[in-house]
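K.L.:
need coordinates for the below:
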Amino acid sequence: MAEHDKKEAKEAIQEEMAAGPTGKGRDWAQLYKKEDWWANWLGLALLLFALVVMWSAIPREAPQELEEYQAIVEQEEERAPFATIELIKAQDELDKVRARYHGLGPAMGKLIQRPRGWDDNPVEAFYLSESRAAEMRAQAQPRYEEAQEKTEQALEEAREAQAAAEEAMFEDEAKNQAAVEAIDAWLDARSAEASARNAATVSSYNIIPTMILLMIGTGLMFSIGIHFMGGSVGKFLIGYPIVFIISIIGFFIGNHAIASEYGLSYVLWCIIIGLLISNTMSTPGWVKPAVQTEYYIKTGLVLLGGSILFGLILMIGAPGIVVAWGVTPTVLIIGYWVGNKYIKLPSKPLNICVAAAASVCGVSAAIAAAAASKAKGEELTIAVGLSLVFTALFMFLIPAFVVAVGMNPILGGAWVGGTVDSTGAVVAAGELLGPGAMYTAATLKMIQNVMIGILAFGIAAYWAVKVEREASPDVELTVGAALREIWVRFPKFVIGFVVASVFFTIVYELMGHEMGETVVSDGVLGGWANPLRAWFFAMAFTSIGLATNFRELAKYFAGGKILYHYVFTQGFNLILTLVLAWLMFMVVFPGITEHLMEIR
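P.N.:
Modelled structure (predicted):
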């Protein structure tokens, strides 16, 4: 370890020992003076605000409607061994009862809009005139009418096939299969009709004013914490629009048709744009007060905690838990050990960031590891960059391999969920293998995300009692001092992450599945927290780029050690995940796999 790092480690330990046995008088001040705690307060406040709004927006008749349609779904599940037309239509009605469509929900949705998808006209990412919308509607109308006719015809054929299966009391496998195929054909036609309807009913829009409002609102919100943390609110607000505008540009490029197709998301573009600025013209001094990487991303991670519902763990059962929680710590530990002992990376914080990115869930895990090990900004940038590159590759290569070798799609979905880093990429890759595979992949990834909090605590403890002890062997570290150092190093935003996860799990369970989907999953999370989290992440990655210097990065890539490390760790992850997933889903719990195969 470098002399500078040794000095910092020694000072950190001595500071904790000097604080005395209790540290009273300082810990309480951290609640309003430290970045992690402000990430907690802001993130939890945003979640609670959305819960109150979404809960109050539910129409009075919604509970009764949900109960009626859920009864139909349950009745149809008992009546037939496949998803009947009536079941699908009842599920459609359930999906229509959504909190974000009522009360303040639509206004909140408009406020957090991002640039839209576009192809050949960049203006349409932000603005569409009424005349252009009318022209597009007229052009799309014939295709919509044709799609409607095809859907009606497919529905009639599906009804006939289902009726034939019903006449045989659903005991004729050939007729059941014919009904399933006819219903699938109807669903495909209906999906095509929905796409045509969207084009035929497109309306004008202008998202520029709402993005300006969002910039002002979030800037003022973050400035509260800046004030209490001792920063200059005025300087922060002067630079904040630049960070926000670069984030908009990142979304804009990432939403282009080609970028979307290849998984080149806004995260990558925000970093690239920031890097180009910082390494050419250099980041202006008046922008730097708004370059608050950890503040933005920690707040976003607290919002992420709300989406980690522990009920998901029970849905997929023991196989998912064993794969997600068995592979993850094993790959992390082995990857870190190999990086230190054999590859000999130049920095231990860099080593743990890369190992965490490859073994857990990419960007979010790298950030948690960086906070716990106090990694430098450029070290986090490297881990994030490698994760993004390999995520873009794996989201296509793994499904292609699964199909090429004829692998069971549920096994393939579990493999995707345990190895592809980004949750969005996991869903996209799983979808290529089918609905059951997509569900398996997404659920396993969410189970894996629970490891973020455990990961952060484990790394903080290891760094306090092992890594920094090696750097400062002459400083006596008592048990009390060790515990205090772990607490100081532990990323406090993980507390908000866990609180949000536990709280919304309880709320969801108390509401029941359908109301929980309506208020929590689709309302608080889908209609508010998840889109807002993407904005915070975009500003964080923009800040990473603006604060990173290529000259600082170059020394880490000397000899290609970092790339070797990531390839080894991710390769080990691929092999171990596939072996354990095969064992769990194909050998030990084949019944769960058969059940997942029935998802349509």
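K.L.:
and residue 133, how close does it get to residue 205?
P.N.:
8 Å (C-beta to C-beta, to the nearest Å). C-beta: built from backbone N, CA, C; applies to glycine.
K.L.:
same question, residue 155
P.N.:
Counting by C-beta to C-beta - residue 155 and residue 205 are separated by 32 Å.
K.L.:
grab the nearest non-local neighbour of residue 353.
P.N.:
For residue 353, the nearest residue in space outside its immediate sequence neighbours is residue 383; the separation is 3.9 Å by C-beta to C-beta, 6 or more residues apart in numbering.
K.L.:
same question for residue 339.
P.N.:
Across the structure, with C-beta to C-beta, 6+ apart as the measure, the residue nearest residue 339 apart from its sequence neighbours is residue 351 (4.1 Å).
K.L.:
the one you found sits in which helix or strand?
P.N.:
For residue 351, the host element (DSSP states H and E) is helix 348-359.
K.L.:
please report how far residue 288 lies from residue 274.
P.N.:
Relative to residue 274, residue 288 is positioned 12 Å away (C-beta to C-beta).
K.L.:
tell me which of those two has more neighbours.
P.N.:
More crowded of residue 288 and residue 274, by other C-beta atoms under 10 Å: residue 274, with 26 against 16.
K.L.:
for the residue nearest to residue 291 when sequence neighbours are not counted, grab the count of nearby residues.
P.N.:
Here the nearest residue to residue 291 in space, its sequence neighbours aside, is residue 543; by C-beta to C-beta, 6+ apart that works out to 4.4 Å. Applying other C-beta under 10 Å, we find 28 other residues in the vicinity of residue 543.
K.L.:
how about the contacts made by residue 543?
P.N.:
243, 274, 290, 291, 292, 293, 296 (C-beta atoms under 8 Å, 6 or more residues apart in numbering).
K.L.:
tell me the confidence at it?
P.N.:
pLDDT, residue 543: 88.
K.L.:
same thing with residue 401?
P.N.:
Taken from the predicted model, the pLDDT recorded for residue 401 is 92.
K.L.:
against which helices or strands is the helix or strand containing it packed?
P.N.:
Assessed by DSSP H and E, residue 401 sits inside helix 377-405. Packing contacts for helix 377-405, counted by 3 or more C-beta pairs under 8 Å, 6 or more residues apart in numbering; DSSP states H and E, involve helix 266-279, helix 348-359, helix 363-373, helix 409-419, helix 423-431, helix 530-546, helix 550-554, helix 561-582.
K.L.:
residue 597 is nearest to which of those helices?
P.N.:
helix 409-419 (5.9 Å; C-beta to C-beta).
K.L.:
ok, residues contacting that closest one?
P.N.:
Helix 409-419 is contacted by residues 319-320, 323-324, 327, 394, 398-399, 402, 407, 426, 429-430, 433-434, 436-445, 448, 570, 573-574, 577-578, 581-582, 584-586, 593, 596-597 when judged by C-beta under 8 Å, 6+ apart.
K.L.:
show me where this protein has its strands.
P.N.:
Applying DSSP state E to the chain gives strands spanning 127-128, 205-206.
K.L.:
format the helices and strands packed on helix 377-405 as CSV; extra columns: distance to residue 493.
P.N.:
Formatted as CSV, the entries for the helices and strands packed on helix 377-405 read as follows, by distance: least, C-beta to C-beta, whole Å:
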stretch, distance to residue 493
helix 266-279, 19
helix 348-359, 16
helix 363-373, 8
helix 409-419, 25
helix 423-431, 18
helix 530-546, 12
helix 550-554, 25
helix 561-582, 25
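K.L.:
of all these, which lies closest to residue 101?
P.N.:
In this view, those are compared for proximity to residue 101 by C-beta to C-beta, and helix 530-546 is the closest at 15.3 Å.
K.L.:
taking helix 363-373 as reference, get the angle to that closest one.
P.N.:
Helix 530-546 and helix 363-373 are oriented at 60 degrees to each other (axes from the mean of the first three to the mean of the last three C-alpha atoms, to 10 degrees).
K.L.:
and helix 530-546, how far from the chain's centre?
P.N.:
Averaged C-alpha coordinates place helix 530-546 at 12 Å from its chain's average position (C-alpha atoms, centre = their mean, to the nearest Å).
K.L.:
which ones are touching residue 453?
P.N.:
Under the criterion of C-beta under 8 Å, 6+ apart, the contact partners of residue 453 comprise 368, 494, 497, 498.
K.L.:
my read is that residue 219 contacts residue 244, right?
P.N.:
Yes: counting by C-beta atoms under 8 Å, residue 219 does reach residue 244; the two are 7.3 Å apart.
K.L.:
pick the most buried one from the strands of the chain.
P.N.:
strand 127-128 (a mean of 16; mean count of other C-beta atoms under 10 Å).
K.L.:
starting at the chain centroid, how far to that strand?
P.N.:
The answer for strand 127-128 is 28 Å, by C-alpha atoms, centre = their mean.
K.L.:
what do you get for stretch 332-340?
P.N.:
Distance of stretch 332-340 from the chain centroid (C-alpha atoms, centre = their mean) equals 25 Å.
K.L.:
can I get the CA coordinates of it in CSV?
P.N.:
Written as CSV, here are the backbone C-alpha positions of stretch 332-340 (Å, rounded to 0.1, in the frame of the first residue of the first chain):
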residue,chain,number,x,y,z
LEU,A,332,-16.5,-12.1,-4.5
ILE,A,333,-14.0,-13.7,-2.1
ILE,A,334,-12.2,-15.9,-4.7
GLY,A,335,-12.1,-12.9,-7.2
TYR,A,336,-10.6,-10.6,-4.5
TRP,A,337,-8.1,-13.3,-3.4
VAL,A,338,-6.9,-14.0,-6.9
GLY,A,339,-6.6,-10.3,-7.7
ASN,A,340,-4.4,-9.8,-4.7
